[in-house]
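A.B. asks: Next comes the sequence, and after it the predicted model I'd like to discuss.
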Amino acid sequence: MSPRVPRHSGTRRKEKRSSASSASAKEGGTPPDRLKSPANLAFGSSKLQPAQFLSVLIFMGAAIAGTMLMLSATRQGISVFTDSTIYLRVARSLLQGQGFVQSGGAPLTHYPPLYPTVLALSGRLAGDLLTGAKWLQTILYVANLLLVGLLVYRGTNGSRLAAGFGLLFVLTSQSFLYCHVLVLSEGLFLFLTLVGLLFITQYLQSHSSFALIMATVVIGLACLTRYIGGTLVAGLLSAIVLLDRSDWRKKIVACSVVSAVFVLPIAVWLVRNLMLSSGLVNRTITYHPISTAPIQYAVETLWFAFLFPSTLHIVPKALILLTFTFFVIVVMVESINHFGIHAEVNRVPLICVCFLFVYAGGLVLAVLFVEPKLPFNARIMLPFIILLGIGLIPLWLNAFQLFSKRRALAVTVVALWAILLAGHGHRTGRFVDELRRDSMGFESREWQSSRVIEFVRGLPEDSLIYSNGPDVIDYFAGRRSRMIPHSHGPAGELREMVRHLEEAQGFLVYFDKITWRGYLIKIEGLKKYAELRAVYQGRDGAVYRVAKIGR
């Protein structure tokens, strides 16, 4: 049984014990008050329950709950959106032995290769790509759920209370569930990120070469899942430099190993892209002045993920989040000063900070040089949200020991967490209920019953097709089509499209339900360049032919 932790007191004996405990923690040792979990310290518990059995029971219950939740949410099938069609097309190409090829025979370069590879493997095992994708996303959901709980558990010296809150945070998160019910790479990317974080915590604790290499390998695989994963290697390096107790010579050796192991597989893929196409990742690097839109989007996403939906203006939301961030920084600084930067209770939060900074920096660079209109939605922000949650829980438990009236503070924080989780659980429950009735995206009944798609299926095989939804036509009809020009693009592109349609007697397929591509020219704008004749008019769109070219 662990000794009872001394409480704050004016007696000289208790002050000495507290000072010795703090000094031992700063030196990296294991003082008496580290033998018990911070959660037990916060509530003044002096008895330990059968830890292993109860911990296993908590994680098993979470795994069962997560599996049931995902199976319920995908009852009508896995959901498919625009990017999903590309992954499915490449996975189908892999199964047919054609390699990493997109629609039309173009080599895959814009997206990394790992997710379609895993998708193809799951489709082979399940006998069908969508069925395989459903089970793949379910496994990833449960695995990520357990990894979050495990990281919180380790970051709090085995606190079952903290692990329980971490598991509930994920189970009640609509953003987390949303990113797993779609055929998208976010679930796999998050899995690899969390595994990498787990291995680097193990390395910092034991200095195991195996743990260091595995951390680098899985982060490299994360980069081969989403290109922004390349920024996470900087998180690994910064964690080694800042948190490793070794001397600088060993730190330099470790950083060299990380760099060498990480670069090799990425370099192979990029060289392959350069040989098959005109660029490394089919993206143009140009400076774009940053606007307030991405910042507003990020604030709304974080507010939705951690707090209740409200009608507050963006400014008070941002101020509340900044105030919350200030208090988190205060707790972190106090925790470092009290326990030491190398203490076990600070290891997971500080590693999360390293990963958060480099991931956020990667997003900022992407907005500045690659995608100025990058939406900071739940998909993009998911790793940030989960890493923030993993880091916050250990910090809160540290705060119970740092500030006076810890029992009242503990009860207040737990009550606040319970209220927030209950609200989020209710919101997620409604979201699951909607999915039980109908899938999202292209697998929804609305898209599956599209009359326009049915008409397109009946067009001659050699027909020239322009559309605002080439991905839709490829997914449902297996037909190749071209995207209509941007509304602010050169007028020459519009005239060239109209001329092609007239000469080839082609078809212009316009889907009214595609509302997420506001940058494309509308039908009203096209009519300024040509007289369009509708050959089919449906509830969800229309099919046109060029009757006469305008002036």
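C.D. replies: Happy to help now that I have it.
A.B. asks: Please give the centre-to-centre distance between the helix or strand where residue 475 lies and its chain.
C.D. replies: Following DSSP states H and E, one finds residue 475 within helix 470-477. The chain centroid and the centroid of helix 470-477 are separated by 26 Å, computed with CA atoms, centre = their mean, to the nearest Å.
A.B. asks: In stretch 255-274, which residues are buried?
C.D. replies: 255, 258, 261-262, 266, 269-270, 272-273 (16 or more other CB atoms under 10 Å). (Each C-beta comes from the backbone N, C-alpha and C, glycine too.)
A.B. asks: Quick one: residues contacting the spatially most central residue of the chain.
C.D. replies: Nearest residue to the geometric centre of the chain (CA atoms, centre = their mean): residue 382, 3.4 Å. For residue 382, the contact set (CB atoms under 8 Å, 6 or more residues apart in numbering) comprises 175-176, 179, 186, 190.
A.B. asks: rerun that using 10 Å as the cut-off
C.D. replies: Contact analysis of residue 382 by CB atoms under 10 Å, 6 or more residues apart in numbering lists 144, 173, 175-176, 178-180, 184, 186-187, 189-190, 193, 301, 305.
A.B. asks: Sketch out the low-pLDDT regions of the stretch 251-400 of the chain for me.
C.D. replies: 309 (pLDDT under 70).
A.B. asks: all helices in it, in order from the N-terminus.
C.D. replies: 293-306, 314-339, 344-369, 378-402 (DSSP state H, counting those that start in this stretch).
A.B. asks: Turn the ones you listed into CSV, columns for distance to residue 524.
C.D. replies: Shown next, in CSV, are the helices of the stretch 251-400 of the chain (distance: least, CB to CB, whole Å):
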stretch, distance to residue 524
helix 293-306, 25
helix 314-339, 32
helix 344-369, 31
helix 378-402, 31
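A.B. asks: if we compare those helices, which one ends up closest to residue 529?
C.D. replies: Ranking the helices of the stretch 251-400 of the chain by proximity to residue 529 (CB to CB) places helix 293-306 first, at 30.2 Å.
A.B. asks: need the strands for the protein, in chain order.
C.D. replies: Ranges of strands within the chain are 465-467, 482-483, 507-511, 530-538, 541-549, based on DSSP state E.
A.B. asks: Mind putting the ones you listed into a markdown table with mean pLDDT?
C.D. replies: Listed next are these as a markdown table, based on pLDDT from 0 to 100:
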| stretch | mean pLDDT |
| --- | --- |
| strand 465-467 | 95 |
| strand 482-483 | 93 |
| strand 507-511 | 95 |
| strand 530-538 | 90 |
| strand 541-549 | 86 |
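A.B. asks: I'd like to know which of those is closest to residue 168.
C.D. replies: Using CB to CB, the nearest of the strands of the chain to residue 168 is strand 507-511, at 40.1 Å.
A.B. asks: Okay, now the unreliable bits of the stretch 451-551 of the chain?
C.D. replies: Scanning the stretch 451-551 of the chain for pLDDT under 70 picks out the ranges 548-551.
A.B. asks: If we use 90, what do you get?
C.D. replies: Residue ranges of the stretch 451-551 of the chain with pLDDT under 90: 461-462, 478-480, 486-495, 515-519, 521-531, 538-540, 546-551.
A.B. asks: tell me the contacts of residue 216?
C.D. replies: Residue 216 neighbours (CB under 10 Å, 6+ apart): 196, 199-200, 203, 233, 236-237, 254, 257-263.
A.B. asks: For the closest residue to residue 164 other than its chain neighbours, report the pLDDT, please.
C.D. replies: Nearest residue to residue 164, sequence neighbours excluded (CB to CB, 6 or more residues apart in numbering): residue 58, at 5.8 Å. pLDDT recorded at residue 58 is 93.
A.B. asks: go on, residue 3?
C.D. replies: On pLDDT, residue 3 comes in at 41.
A.B. asks: And for residue 130?
C.D. replies: On the pLDDT scale, residue 130 gets 95.
A.B. asks: separation between the residue nearest to residue 164 and residue 225?
C.D. replies: In this view, residue 58 and residue 225 are 29 Å apart by CB to CB, to the nearest Å.
A.B. asks: circling back: contacts for the helix holding residue 475 next, please.
C.D. replies: Here helix 470-477 has contacts from 80-86, 88-89, 102-104, 441-443, 447-448, 450, 452-459, 465, 467, 469, 479-484, 509, 511, 513-514, 541, using CB under 10 Å, 6+ apart.
A.B. asks: ok, now stretch 99-107?
C.D. replies: For stretch 99-107, contacts defined as CB under 10 Å, 6+ apart pick out 85-87, 89-94, 98, 108-113, 116-117, 269, 272-273, 275-277, 282, 470-471, 473-475, 478-482.
A.B. asks: and with 8 Å instead?
C.D. replies: With contact meaning CB under 8 Å, 6+ apart, stretch 99-107 is reached by 86, 89-90, 93-94, 108, 113, 116, 273, 276-277, 470, 474, 480.
A.B. asks: what about it, average pLDDT?
C.D. replies: The average of the pLDDT scores along stretch 99-107 is 85.
A.B. asks: So what would you say the end-to-end distance of that stretch is?
C.D. replies: Taking CA to CA, to the nearest Å as the measure, stretch 99-107 stretches 8 Å from start to finish.
A.B. asks: Look up how far residue 237 lies from the spatially closest residue to residue 129 that is not a sequence neighbour.
C.D. replies: The shortest distance from residue 129 to any non-neighbouring residue, by CB to CB, 6+ apart, is to residue 123 (3.9 Å). As for residue 123, its distance to residue 237 is 36 Å (criterion: CB to CB).
A.B. asks: Repeat that for residue 150.
C.D. replies: Distance, residue 150 to residue 237, using CB to CB: 24 Å.
A.B. asks: between the contacts of residue 382, which is closest to residue 340?
C.D. replies: residue 193 (26.5 Å).
A.B. asks: ok now do residue 518, which residues does it touch?
C.D. replies: Shown in contact with residue 518 (CB under 8 Å, 6+ apart): no residues.
A.B. asks: Just want the phi and psi numbers for residue 127.
C.D. replies: Backbone torsions for residue 127, taken as degrees, to the nearest 10, come to phi 90, psi 0.
A.B. asks: Identify, from the buried residues of stretch 255-274, the entry nearest to residue 132.
C.D. replies: Among those, and counting by CB to CB, the member closest to residue 132 is residue 269, at 23.3 Å.
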